[in-house]
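> starting from these lines, generate the structure:
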Amino acid sequence: MSPLSSIGLHYSFTPLRAIPNDLNESIELNWAALLLFPPGHSLQSSSLNNLALGLCDRFTQWGIPSDLDESIKLYQAALLLRPPSVFLDR
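Here you go, the predicted model:
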């Protein structure tokens, strides 16, 4: 496993147990991890996806519209980085 792949963190929360600081820290760390990847790196798509998941969780918890908007953009960017064969294999 690449050292960079272990940097991305994703915390999954249930609505009654969310700890705002943990979720915010997860998002901050995922932004930092994303910046470590050079453009076109093979794990960049996964890092974008992890960050989008965190923002989606935060939107679900607190309803911040900008989190949902950013999450959608990040998911789209992650998909664009995936080779077409990934979608054909299923």
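
> which residues in this protein form helices?
20-36, 44-62, 65-81, 84-88 (DSSP state H).

> which one of these is the most hemmed in?
By mean neighbour count, with neighbours taken as mean count of other Cβ atoms under 10 Å, helix 44-62 ranks first of the helices of the chain at a mean of 21. The way it works is simple: take the backbone N, C-alpha and C, and place the C-beta from them, glycine included.

> so what does that one touch, helix or strand wise?
Packing contacts for helix 44-62, counted by 3 or more Cβ pairs under 8 Å, 6 or more residues apart in numbering; DSSP states H and E, involve helix 20-36, helix 65-81.

> turn the helices of the chain into CSV, columns for mean pLDDT.
Formatted as CSV, the helices of the chain follow (pLDDT from 0 to 100):
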stretch, mean pLDDT
helix 20-36, 91
helix 44-62, 93
helix 65-81, 95
helix 84-88, 63
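
> okay, the residue lying closest to I27 once chain neighbours are set aside and G40: tell me how far apart.
Once flanking residues are discounted, I27 sits nearest to G54: 4.4 Å by Cβ to Cβ, 6 or more residues apart in numbering. Separation of G54 from G40 (Cβ to Cβ, to the nearest Å): 23 Å.

> now do Y75
Y75 is 18 Å from G40, by Cβ to Cβ.

> same check on N50?
With Cβ to Cβ as the criterion, N50 and G40 are 18 Å apart.

> for Q76, same thing?
Relative to G40, and taking Cβ to Cβ, Q76 is found at 17 Å.
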